[in-house]
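Visitor: what follows is a protein structure lacking sequence information:
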Ligand SMILES: N[C@@H](CCC[C@H](N)C(=O)O)C(=O)O
């Protein structure tokens, strides 16, 4: 069969978007898993952090499902929702829509450009759950907020939160960011282990100054990525709870893949986060693929799209900030 796809990114967290609304593919979940394994493989002709499948929904304007590069399905993807949200807004010719995801129906809207003329979308990140059984994380306590987990480190303080995909967050200094500590912890909790039976996204965060943080994330099902939208949102929330930042104020979140703005809302102890950032199209392509043997897919045609040029200016600016604040 032939599949038309769009390659896109949010903060250089890159995705293959497959439209199951316009095309009636009737994939099974095993097909989606195998497509993710084959098409996201960085040694293949495509390569990506995940596949976004957009579909019809009975309860919202449309549905998005996200499959990680290792074929696992995640309940949410913030950077992916900006890309799928843009695609769906354009398809449905609306500026504001509701998208069904695995665990929640989320608002998406076109927003003012975050930098120059870069296409920018705002997505809702919720629900926010602190109970450890929601991640799940096996510790003999109900929640984990800025506390030690001796199984992981004798020094670092961790917070655990599901938004609703699971995140483990530690605020650290630049030396720790540059060390192998994050890699070792993240590989441990994403391998066979007793603490996180389903794995977890692991972020190390550096507070730069009020309203400005840097986040580096090792994603469950992928490895280190340029950025993770739900991780940037969860890290912003933790920064407010740590009183480093304020609720309702914009927080500029820097990553190796770019910069977004997060606004954390506190509705009487119920939290929601707005994640505002780019949704950039890289190219359109058509592949020929045997669905039972997707690893032997070939590219039939590919059209590069011009948007990345503008994004490169944001990348240059962000690189300067990271060099000053993190590397030195
Ligand atoms: N990159 C995403 C999150 C993708 C899912 C994650 N790897 C998981 O398994 O939870 C984002 O932008 O939020």
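Guide: Ah, there it is. This is a predicted model, so every value here is computed, not measured. Numbering: from 1, shown residues only.

Visitor: what does the stretch 201-328 of the chain put close to the ligand?
Guide: Applying CB under 6 Å from any ligand atom, we find that the stretch 201-328 of the chain lies next to the ligand at 201, 219, 220, 221, 222, 228, 229, 230. Using the backbone N, CA and C atoms, a C-beta is placed for each residue, glycine as well.

Visitor: without its sequence neighbours, what residue ends up closest to the third one?
Guide: With sequence-adjacent residues excluded and distances taken as CB to CB, 6 or more residues apart in numbering, residue 220 is closest to residue 199, at 4.1 Å.

Visitor: correct me, but the one you found touches residue 190?
Guide: Yes. Assessed by CB atoms under 8 Å, residue 199 is found in contact with residue 190 at 4.3 Å.

Visitor: circling back: out of the residues of the stretch 201-328 of the chain next to the ligand, which is most surrounded?
Guide: Using other CB atoms under 10 Å as the neighbour test, these are led by residue 228, with 33 neighbours.

Visitor: residues in contact with residue 123?
Guide: Residues near residue 123 by CB atoms under 8 Å, 6 or more residues apart in numbering: 78, 81, 82, 85, 106, 107, 108, 229, 274, 275, 276.

Visitor: would you mind measuring from the nearest residue to residue 130 once chain neighbours are set aside to residue 213?
Guide: Distances taken as CB to CB, 6+ apart place residue 143 nearest to residue 130, at 4.6 Å, with adjacent residues excluded. Residue 143 is 22 Å from residue 213, where distance means CB to CB, to the nearest Å.

Visitor: which one of these two is surrounded by more residues?
Guide: A count of neighbours by other CB under 10 Å puts residue 213 above the other of residue 143 and residue 213, at 25 against 15.

Visitor: host element of that one?
Guide: Element membership for residue 213, per DSSP states H and E: strand 212-219.

Visitor: for residue 231, give its distance to residue 310.
Guide: To residue 310, residue 231 is 25 Å away according to CB to CB.

Visitor: more neighbours, these two?
Guide: It is residue 231, of residue 231 and residue 310, that has more neighbours when counted by other CB under 10 Å, with 29 against 16.

Visitor: tell me, what's touching residue 199 and residue 190 both at once?
Guide: Shared contacts of residue 199 and residue 190 (CB under 8 Å, 6+ apart): residue 220.

Visitor: just to revisit the earlier point, please work out which residues outside the strand holding residue 213 touch it.
Guide: 49, 68, 177, 182-183, 186-187, 190, 201-208, 224-225, 227-228, 231-232, 235-236, 239, 244-245, 251-256, 322, 325-326.

Visitor: from the residues you listed, list the buried ones, please.
Guide: When those are checked for burial by 16 or more other CB atoms under 10 Å, the buried set is 49, 68, 177, 182, 186, 190, 201-208, 225, 227-228, 231-232, 235-236, 239, 244-245, 251-256, 322, 325-326.

Visitor: where does residue 323 fall, phi/psi-wise?
Guide: Residue 323 has phi and psi values of phi -60, psi -40 when expressed as degrees, to the nearest 10.

Visitor: thanks again, I'm all set now.
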